[in-house]
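Novice: Could you work out the structure for the sequence below:
(one chain, ligands or ions: 1)
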Amino acid sequence: MRLGRANLDRLPSGIRRPAYDVSRVMPGIVHLGLGAFHRAHQAVVIDDCLAAGAPGWGIIGASLRSPDTRDALAPQDHLYTIAVRAAEGTAYRVIASLIGSEVARENPARLVARMADAETRIVSLTVTEKGYCHTPQTGDLDERHPDIVHDLNNPDAPRSAPGFIVAALARRRAQGLSPFTVLCCDNLAANGHTVQRIVTQFAALRSKDLGKWISDSVAFPCTMIDRIVPETTDADRAAVSNALGMDDAWPVMTEPFTQWVVEDRFSAGRPDLAAAGVELVADVKPFELMKLRLLNASHSALAYLGYLAGYETIADTMADPHFARLAARVMEEAAVTLVMPAGTDLAAYRVSLLQRFSNPALHHRTWQIAMDGSQKLPQRLLGAMQERLSRGLPIATHALAVAGWMRYVTATDEQGRTIDVRDPLAKEFAALANEAGPVAERLAPALLGVAKVFGPFGADPRLRDAVTAALGRLYAQGARRTVADT
Ligand code: CS2
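Specialist: Numbering: from 1, shown residues only. Predicted structure coming up:
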């Protein structure tokens, strides 16, 4: 038996199911990037909104490239399970806010039409950092990105997220429709402003007027979005199907914690997000920096150094007290760079992060978080380092995390085995590593010279010295010893 609308009544009583008539849900949101993160976070919030009696906010999810999610979910009416894992046990809930799916590569025109449809009032995104086709260091559109070049030549059959947004907004403008809100839910610095800049820059390449209309009339609220969502494994699928008594081809695994802070600026209305637990604020920036510099920075530090030390998951890494201390130290040293609104308890936030990372039921692989470091380093680690330097504070802890990343992108681990490095710049890093050899004094400056990641900061001798020293220690004694001695 397969999960599906017709089978909802057959779910065991312990499985939470949609508390509304799923057949009445109408689309209001198009979401680009139908990955596990979206399905474990925003789609759950929208499920709550639907249950609260707002059936007009169903989600049409689009994968930009791969048909896998659509192929798994369409045969089960787009229903799927979230498995919320804690040390005490797992809670299962079937989500029904996703009511349709598209695969952009297969039929870009249909997705553009969907987004341009009057009923679409929000276009949200989780396309990962690299999906914005920008230069992470500057936040500007990368005009030479192959997908951007393609989309300029094929404006009605785009490939990239900025291409789709601009195609759909141009269509709405031509038809006299009001624009949708563009709601970025990725871990970019100042994500709404950054995506606004990228989209406006792309639109201006098509037409100055279109660029101006977008910058004048489209809302791009910033968001801070947080929930840890490891990749679903076959063992997870089997466990969920077992609990459900029916097959779910693509459930998502997550933790109990969830947080969403959103700026309350929407072009065409929004569901009652506050009633669903979302924090609506005037300025998200402090919350976003707090998350990037505390959670994501220490996550990346644990991922690179933990992987090198032979740890498979973040919880395994945290079980080593030296690594737990390192994570705490990254957070402590980043915390002094933050200016938070009154009433924010950063110390409590840090404690809760350490607990979340230690969740033994969540098998979050270090390898998964290590992905795409070139897109993540600036907003997670480099900003805080610059800030600390400007205050005359040491940067050795963060430098060790950066050195861990460098050691990782050489693509050879401490035992001489190949690391499967996933990063848009992986080839460039491997070539630099090859040329430099395993010599910190050569490799560190070579990688710091990659302007897309480090920009002018890469030439700062204080950064170079700190990172070279840390990398030297990683080569001399390995990640485990280096972290233990830190
Ligand atoms: C992680 C994030 O993979 C990564 O880089 O740091 O996906 C992290 O789990 C989320 O941002 C948590 O909200």
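
Novice: How about the secondary structure of A342?
Specialist: coil (DSSP: H, G, I helix; E, B strand; the rest coil).

Novice: For it, the count of nearby residues, please.
Specialist: A342 has 4 neighbours, counted by other CB atoms under 10 Å. The C-beta positions use only the backbone N, C-alpha and C, and glycine is treated the same way.

Novice: Likewise for M26?
Specialist: Neighbours around M26, by other CB under 10 Å: 11.

Novice: Against D117, how distant is it?
Specialist: 11 Å (CB to CB, to the nearest Å).

Novice: P341 too?
Specialist: Distance from P341 to D117, by CB to CB: 38 Å.

Novice: do A328 as well
Specialist: Relative to D117, A328 is positioned 48 Å away (criterion: CB to CB).

Novice: For those two, indicate the residue with more neighbours.
Specialist: D117 (18 against 15).

Novice: Count the neighbours of A51 for me.
Specialist: 15.

Novice: For it, give me its contacts.
Specialist: A51 makes contacts with P18, A19, Y20, as judged by CB atoms under 8 Å, 6 or more residues apart in numbering.

Novice: From these, which shows the smallest pLDDT?
Specialist: Lowest pLDDT of the contacts of A51: A19, 92.

Novice: Would you map out the domains in this protein?
Specialist: Annotated domains of the chain cover 5-281, 285-485 [automatic domain parsing].

Novice: The host helix or strand of A327: what's the following helix or strand?
Specialist: Per DSSP states H and E: A327 is located in helix 321-335. Sequence order places helix 346-357 as the next helix or strand after helix 321-335, per DSSP H and E.

Novice: what's the angle from that following helix to helix 321-335?
Specialist: Going by axes from the mean of the first three to the mean of the last three CA atoms, to 10 degrees, helix 346-357 is angled at 140 degrees with respect to helix 321-335.

Novice: Give the other helices and strands that helix 346-357 contacts.
Specialist: If you count contacts as 3 or more CB pairs under 8 Å, 6 or more residues apart in numbering; DSSP states H and E, helix 346-357 packs onto helix 297-308, helix 314-318, helix 321-335.

Novice: now check the first one, is it near the ligand?
Specialist: Read it as helix 297-308. Yes - applying CB under 6 Å from any ligand atom, one finds helix 297-308 touching the ligand at H299.

Novice: which of the helices and strands packed on helix 346-357 sits most buried?
Specialist: Stretch with highest mean neighbour count among those: helix 297-308 (a mean of 27; mean count of other CB atoms under 10 Å).

Novice: Just list what that one packs against, helices and strands only.
Specialist: So helix 297-308, by 3+ CB pairs under 8 Å, 6+ apart, packs with helix 314-318, helix 321-335, helix 346-357, helix 366-370, helix 373-377, helix 396-409, helix 461-484.

Novice: Now the phi/psi pair for R391, please.
Specialist: Main-chain dihedrals, R391, degrees, to the nearest 10: phi -100, psi 10.

Novice: That one: neighbour count?
Specialist: Quick note: R391 (other CB under 10 Å) scores 9 neighbours.

Novice: Nearest residue to it in space, please, no chain neighbours.
Specialist: V336 (7.6 Å; CB to CB, 6 or more residues apart in numbering).

Novice: Do me a favour and get the backbone dihedrals for the one you found.
Specialist: phi -70, psi -10.

Novice: same deal with M26?
Specialist: Here M26 shows phi and psi, under degrees, to the nearest 10, equal to phi -120, psi 150.

Novice: measure it to L73 for me?
Specialist: 18 Å.

Novice: List the contacts of stretch 7-26.
Specialist: 1, 5, 47, 50-51, 53, 55-56, 58, 77, 79, 81, 91-97, 99, 119, 243-246.

Novice: can you list the residues of the protein near the ligand?
Specialist: So the chain meets the ligand at N187, D226, R227, I228, N296, H299, Q368, I369, K376 (CB under 6 Å from any ligand atom).

Novice: before we move on, the earlier item: pull out the buried residues from the contacts of A51.
Specialist: P18, Y20 (16 or more other CB atoms under 10 Å).

Novice: Quick one: low-confidence residue ranges for the stretch 101-250 of the chain.
Specialist: The stretch 101-250 of the chain contains no residues with pLDDT under 70.

Novice: what are the ranges of the strands in it?
Specialist: 122-125, 134-135, 140-141, 181-184, 223-226 (DSSP state E, counting those that start in this stretch).

Novice: need the contact list for H41.
Specialist: C185, I225, R227, V229, T254, T258, W260.

Novice: and if you look at M290?
Specialist: Counting by CB under 8 Å, 6+ apart, M290 has contacts M224, L338, M340, T344, L346, Y349.

Novice: cool, T126 as well?
Specialist: H31, L32, G33, G35, F37, H38, Q42, C185, D186.

Novice: Could you measure from it over to Q42?
Specialist: T126 is 8 Å from Q42, by CB to CB.

Novice: Okay, buried residues for stretch 204-218 please.
Specialist: A204, L205, R206, L210, G211, W213, I214, S215, V218.

Novice: do stretch 427-439 as well
Specialist: Quick answer for stretch 427-439 (16+ other CB under 10 Å): E428, F429, A430, L432, A433, A436.

Novice: secondary structure element for the third one?
Specialist: To tie it back to what came earlier, the one meant is A430. helix 426-436.

Novice: Check which helices and strands that helix sits against.
Specialist: By 3+ CB pairs under 8 Å, 6+ apart, helix 426-436 packs against helix 396-409, helix 440-448.

Novice: could you dump these to a markdown table with mean pLDDT?
Specialist: Listed next are these as a markdown table, based on pLDDT from 0 to 100:
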| stretch | mean pLDDT |
| --- | --- |
| helix 396-409 | 98 |
| helix 440-448 | 98 |
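
Novice: for those helices, which one ends up most surrounded?
Specialist: Of the helices and strands packed on helix 426-436, helix 396-409 is the most buried (mean count of other CB under 10 Å), at a mean of 25.

Novice: just to revisit the earlier point, among the buried residues of stretch 204-218, which two are most distant?
Specialist: The most widely separated members of these are L205 and V218, with 16.5 Å between them, by CB to CB.

Novice: quick one: low-confidence ranges for the stretch 351-486 of the chain?
Specialist: Checking the stretch 351-486 of the chain against pLDDT under 70 turns up nothing.

Novice: Check it for the residue nearest the ligand and tell me.
Specialist: As assessed by CB to the nearest ligand atom, the ligand sits closest to I369 within the stretch 351-486 of the chain, at 4.0 Å.

Novice: if I look at that residue, how far off is R422?
Specialist: Counting by CB to CB - I369 and R422 are separated by 11 Å.

Novice: Return the residues in contact with A282.
Specialist: A282 neighbours (CB under 8 Å, 6+ apart): E263, D264.

Novice: cool, the one 10 residues further on as well?
Specialist: Taking CB under 8 Å, 6+ apart, we find L292 in contact with N187, A189, Q379, R380, G383.

Novice: Now, those that are in helices?
Specialist: Secondary structure from DSSP state H places G383 of the contacts of L292 in helices.

Novice: For the contacts of L292, give me a markdown table that also has distance to G416 and neighbour count.
Specialist: Output for these, formatted as a markdown table (distance: CB to CB, whole Å; neighbours: other CB atoms under 10 Å):
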| residue | distance to G416 | neighbour count |
| --- | --- | --- |
| N187 | 33 | 23 |
| A189 | 36 | 18 |
| Q379 | 33 | 25 |
| R380 | 29 | 29 |
| G383 | 34 | 19 |
